[in-house]
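J.: generate a structure from the sequence data that follows.
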Amino acid sequence: MSDAELQVVARSLRQKSESLRRAGVRHNRRAVKKDLSRASVPAPAPVITPAVMVLPAAAIDHRESVPAERESVLADLAREVAGCTRCEELARCRKQTVFGVGDPCAELCFVGEAPGADEDAQGEPFVGAAGQLLTKIIAAMGLERRRVYICNMLKCRPPGNRTPGTDEIANCRGFLERQLEIIRPKFICALGAVAAKALLNSELSIGRLRGQFHDYRGIPVLCTYHPAYLLRSPDAKKYVWEDIQILMGKLGLHVKT
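T.: Numbers count the residues shown, from 1 in each chain. Sure thing, here's the model as predicted:
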C-alpha cells in the first residue's frame with residue numbers, strides 16, 4: 001500500500017472516531033490506535049520460492065523409448081499377422097508370414113508387392129535377387145538398409161509367385177496400414193504396379209504413376225518400378241534412378257550428378 005493510500009485510511013478512521021464521539025458513543029482508544037497502527041504498517045510481502053520443474057523419466061527418455069515402444073507394438077502386430085488365415089490358400093501354402101524389417105522410426109519406407117520363395121523361407125522381405133538389388137539402390141542413396149523400413153502389401157507368398165488377387169490385397173491391407181501408422185515414415189516408396197495401385201487406390205499404370213509424388217494419408221508417396229522388373233528389363237534402371245533422385249532431393253540427401 002502506498003503512503004497516499006495509508007493516509008486516506010488513517011484519515012477515514014479518525015473521522016469515524018470523531019463522529020462516534022460527537023454522537024455520544026464511547027469507544028476504546030487502544031482499539032482505535034491498534035486500527036491506525038495496522039493501517040499505517042504495510043503487510044509483509046509474501047515470500048515466493050522458485051518452483052523446481054521435475055520432468056518425469058518418460059519425458060527425459062522419450063527419444064530413447066520411442067524405438068523400443070514401436071518395436072514392441074510392431075512385434076504384437078507381427079504375431080497377429082502370423083496367425084492370420086483370412087486367405088485360405090495363402091495360409092495353407094506359406095512356410096511363414098513375412099512381416100517387415102528395418103528401423104521402426106525410419107523416415108523412408110519401401111513397400112513392395114508380396115514375398116517370394118526366398119522371403120517365405122527366411123521370413124524377411126526382399127532377401128532374394130530383387131532384394132539384393134534393392135539393397136544396392138538404398139546404398140546408392142547414401143543410406144543403410146537397417147535405417148529404412150521394408151515391407152510388402154501381402155504378408156504371405158502367393159503360390160508360384162503369382163500376382164496377388166484383389167481379395168488378398170483387401171484382406172492384408174489393414175496390416176500394412178497399421179504398420180505405417182506405427183512407423184510414421186516421412187516418405188513412402190512404392191515398388192511396382194501392385195503396391196502403387198493398392199496403396200493409392202489408383203488404376204493408373206506404374207508408368208503413369210512414377211516420377212512424381214502422390215499422397216497416402218498425408219505421407220508423400222513416390223512410385224517406381226519393382227527391382228524384380230529391373231532384373232528382367234535392365235534398361236529400366238535409368239528410370240528408377242531418376243525416381244530415386246527425386247526422392248533423395250526431398251529427403252535432403254546428396255544427389256550425385
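J.: surely residue 253 is in contact with residue 139?
T.: No. Between residue 253 and residue 139 there is no contact under Cβ atoms under 8 Å: 12.0 Å. Placement of C-beta: from N, CA and C, glycine included.
J.: neighbour count winner among those two?
T.: residue 253 (15 against 11; other Cβ atoms under 10 Å).
J.: so who does residue 133 touch?
T.: When contacts are counted by Cβ atoms under 8 Å, 6 or more residues apart in numbering, residue 133 is found next to 227, 230-231.
J.: pull out the buried positions in stretch 171-188.
T.: By neighbour count on 16 or more other Cβ atoms under 10 Å, the buried set for stretch 171-188 is 171-172, 175-176, 179-180, 182-183, 185, 187-188.
J.: if you could redo that for stretch 88-102, that was the one I meant.
T.: Applying 16+ other Cβ under 10 Å to stretch 88-102 flags 90, 94, 96-102 as buried.
J.: that one: how far from the chain's middle?
T.: Centre-to-centre, stretch 88-102 and its host chain are 26 Å apart (Cα atoms, centre = their mean, to the nearest Å).
J.: again, but for stretch 162-182
T.: That offset, for stretch 162-182, works out to 20 Å (Cα atoms, centre = their mean).
J.: what lies in contact with that stretch?
T.: 70, 73-74, 77, 80-81, 84, 86-87, 90, 99-100, 104, 109, 111, 113-114, 151-156, 158, 188, 194, 198-199, 216-217, 219.
J.: let's see 7 Å
T.: Applying Cβ atoms under 7 Å, 6 or more residues apart in numbering, the external contacts of stretch 162-182 come out as 70, 73-74, 77, 81, 86-87, 90, 100, 109, 113-114, 151, 153-155, 158, 194, 198.
J.: send me it as PDB with only the CA atoms.
T.: Output of stretch 162-182 as PDB, limited to C-alpha atoms (Å, rounded to 0.1, in the frame of the first residue of the first chain):
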ATOM      1  CA  ARG A 162       1.600 -65.200 -59.000                       C
ATOM      2  CA  THR A 163       0.100 -61.700 -58.800                       C
ATOM      3  CA  PRO A 164      -1.900 -61.100 -55.700                       C
ATOM      4  CA  GLY A 165      -5.600 -61.100 -56.100                       C
ATOM      5  CA  THR A 166      -7.800 -58.100 -55.200                       C
ATOM      6  CA  ASP A 167      -9.400 -60.000 -52.300                       C
ATOM      7  CA  GLU A 168      -6.000 -61.000 -50.900                       C
ATOM      8  CA  ILE A 169      -4.800 -57.400 -51.100                       C
ATOM      9  CA  ALA A 170      -8.000 -56.300 -49.300                       C
ATOM     10  CA  ASN A 171      -7.600 -58.900 -46.600                       C
ATOM     11  CA  CYS A 172      -4.000 -57.800 -45.900                       C
ATOM     12  CA  ARG A 173      -4.400 -54.100 -46.400                       C
ATOM     13  CA  GLY A 174      -5.300 -53.400 -42.800                       C
ATOM     14  CA  PHE A 175      -2.000 -54.900 -41.600                       C
ATOM     15  CA  LEU A 176       0.000 -52.600 -43.800                       C
ATOM     16  CA  GLU A 177      -2.000 -49.600 -42.800                       C
ATOM     17  CA  ARG A 178      -1.300 -50.400 -39.100                       C
ATOM     18  CA  GLN A 179       2.400 -50.800 -39.900                       C
ATOM     19  CA  LEU A 180       2.600 -47.400 -41.400                       C
ATOM     20  CA  GLU A 181       0.600 -45.900 -38.600                       C
ATOM     21  CA  ILE A 182       3.200 -47.200 -36.100                       C
END
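J.: let me see the mean pLDDT of that stretch.
T.: Mean pLDDT, stretch 162-182: 98.
J.: run through the stretch 151-257 of the chain and note the low-pLDDT ranges.
T.: Within the stretch 151-257 of the chain, the stretches with pLDDT under 70 are 256-257.
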